[in-house]
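1. compute the structure for the input listed below.
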Amino acid sequence: MGLMEFFREFFLGFWDYETPKIMVVKNRTLGVIYRMVQFLVITYFIWYVFISQKAYQDIETRPESSVYTEMRGVGILGDSIRDTTEYVRPSEGGDVISTILRREVTHNQTQGTCAEHYNVPNANCTTDADCVKGEMDFDGHGQRTGRCVPYYNYTFKTCEIRSWCPIEEFAAVREPPLVEAINFSVFIKNAIHFPKFKVLRGNIKPRKPKKLLKCNYHPDTNPYCPVFRLGYIAEQAREKFSELCRTGGVIGVFINWKCDFDVDPSECIPTYSFRRLDLRKNLPSSGYHYWFAKYYNKDGLEYRTLIKAYGIRLDVIVHGQAGKFSLIPTIINTVTAMTSVGICSIICDWIMLTFIDKNEVYSERKFDDASKEPNPPTVTEITLTSFGSTHSDLSDGVPL
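-> Numbering: from 1, shown residues only. As a prediction, this is how the structure comes out:
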């Protein structure tokens, strides 16, 4: 019965209408708290929402972008001269470009049979029975022939394989790093289009292409010169160039466009930041390297020169955001700000009723239930007592 009564009262109370009641509370502490909360809410919306975040603007965060890169510089390594054709990959440019800083070269490889490297699992042997013919190891260099042969000029033996011989681990020659690459320059051309606002911007000034041949980027003096030294990129990414020459690395070049089209679009200038993207710790996956080969024919046989290249790979990543005044977001955020001011009253009501109203003085005056029937008026009986005659006739003027 109690549960049914509870649901009945809840159902009937659901259709009641509540309206706020204005009550002035003469409490200095509560008044100070109320004004401080109001000040914080108003300051948040004025300074952060409208000034910092520009909530009155219509925002576009997915622009269309294109990137073209080009590397410049010539280095000398020993008696050979290295130009962009030798050390730049890919040669056509794009949003990814790499430069070779150090090489490990295996000369005169040809297809044949030779000893497997001793670090390959199950490659060490003493007899032919230890080598399974036709077996291929995932970490190996080729298919095993079933023979156990001496490991080149050493006394121990490994399984023979059919592969490009001699294998890289045995015959590779390590070249010194190309330290002059620290002064190589990278030209990054970027165009960005904001279709919502129909604005196209670029990171170079038109009609001044010759100036790009003599300048280097500086955020204050040359913001329209997207030419960066490799040494500058490594420094901004907080990396040592000598360490990058040894292990290689992947560096992200971030082009950030943050445009306010309430002013002249020509004031929309990109900013650049650089960060190492690959792992820096001594892990097998750290650094950046890759293999490629140069093939040639000699005495009717096909040979190749295998090159393991260590270098810097630059990944150009473009971020763009633009805004322009719009009436709809302005109205929405203004109404939100005005509504949020009402939170101040809710907080102060909770403080008043929880911590200040110990004797329930405020709660009795704040909450009224108009559905209750008013108390009937109190009737006061009046008894008149007279002395002398009980008869009065004021019409004849006869005194009592």
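
2. what degree of burial does residue 114 show, as a neighbour count?
-> 23 (other CB atoms under 10 Å). All C-beta atoms are positioned from the backbone trio N, CA, C, and that covers glycine.

3. correct me, but it touches residue 168?
-> No. Using CB atoms under 8 Å, residue 114 is not in contact with residue 168; the gap is 11.3 Å.

4. can you confirm residue 37 is in a strand?
-> No. With DSSP: H, G, I helix; E, B strand; the rest coil as the criterion, residue 37 is helix rather than part of a strand.

5. stretch 234-252: which residues count as buried?
-> 234, 237, 239, 241, 244-245, 247-252 (16 or more other CB atoms under 10 Å).

6. with stretch 271-281 instead?
-> Judged by neighbour count (16+ other CB under 10 Å), stretch 271-281 contains these buried residues: 272, 274, 278.

7. would you turn those into JSON lines with secondary structure?
-> What follows is the buried residues of stretch 271-281, written out as JSON lines (three-state DSSP):
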{"residue": "272", "secondary structure": "strand"}
{"residue": "274", "secondary structure": "strand"}
{"residue": "278", "secondary structure": "coil"}
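
8. quick check: which of the residues you listed has the minimum pLDDT.
-> Least confident of the buried residues of stretch 271-281 in the model: residue 278, at 88.

9. let's verify the closest residue to that residue other than its chain neighbours: helix, strand, or coil?
-> Closest residue to residue 278 apart from its sequence neighbours, by CB to CB, 6 or more residues apart in numbering: residue 250 at 4.3 Å. When classified by three-state DSSP, residue 250 comes out as strand.

10. contacting residues around residue 250?
-> Counting by CB atoms under 8 Å, 6 or more residues apart in numbering, residue 250 touches 276-278, 288, 312-313, 315.

11. ok, residue 242 next?
-> 177, 179.

12. what helix or strand is it located in?
-> helix 241-247 (DSSP states H and E).

13. give me the distance between that helix and the centre of its chain.
-> 27 Å (CA atoms, centre = their mean, to the nearest Å).

14. check stretch 192-212 too.
-> With CA atoms, centre = their mean, you get 25 Å for stretch 192-212.

15. same question for stretch 164-172.
-> For stretch 164-172, the distance to the chain centre is 43 Å (CA atoms, centre = their mean).

16. average pLDDT across that stretch?
-> 94.

17. and that stretch, what's buried?
-> 164-168, 170-172.

18. elements contacting the top strand by length along the chain?
-> Of all the segments of type strand in the chain, defined by DSSP state E, the longest one is strand 301-325. Contacts defined by 3 or more CB pairs under 8 Å, 6 or more residues apart in numbering; DSSP states H and E place strand 301-325 against strand 57-60, strand 64-72, strand 96-115, strand 185-194, helix 230-236, helix 241-247, strand 249-260, strand 289-298.

19. quick check: angle from the third one to strand 289-298?
-> Taking axes from the mean of the first three to the mean of the last three CA atoms, to 10 degrees, one finds strand 96-115 and strand 289-298 inclined to each other by 60 degrees.

20. the closest residue to residue 108 other than its chain neighbours: how many residues sit nearby?
-> Nearest non-adjacent residue to residue 108, counting by CB to CB, 6+ apart: residue 303, 5.7 Å away. Neighbour count of residue 303, defined by other CB under 10 Å: 17.

21. now swap in the one 5 residues further on and tell me
-> Other residues near residue 308 come to 16 when the count uses other CB under 10 Å.

22. which residues touch it?
-> 103-106, 168, 172, 289-291.

23. how about 10 Å then?
-> 102-106, 168, 172, 174, 289-292 (CB atoms under 10 Å, 6 or more residues apart in numbering).

24. how about residue 90?
-> Contacts of residue 90 by CB under 10 Å, 6+ apart are 69, 96-98.

25. and residue 63, by the same measure?
-> 192-197, 199-201, 257, 259, 318-322.

26. and of these, the nearest to residue 147?
-> Each of the contacts of residue 63 was scored against residue 147 by CB to CB, and residue 318 proved nearest at 56.1 Å.

27. the closest one bridge partners, please.
-> On the basis of DSSP bridges, residue 318 is bridged to residue 255.

28. surely it and residue 65 touch.
-> Yes. Counting by CB atoms under 10 Å, residue 65 is a contact partner of residue 318 at 4.3 Å.

29. these two: who's more crowded?
-> Neighbours were counted for residue 318 and for residue 65 using other CB under 10 Å; residue 318 has more, 21 against 17.

30. residue 324 versus the more buried one, what's the distance?
-> Between residue 318 and residue 324 the distance is 20 Å, computed by CB to CB, to the nearest Å.

31. burial measure for residue 223, as a count.
-> Neighbour tally, residue 223, other CB under 10 Å: 15.
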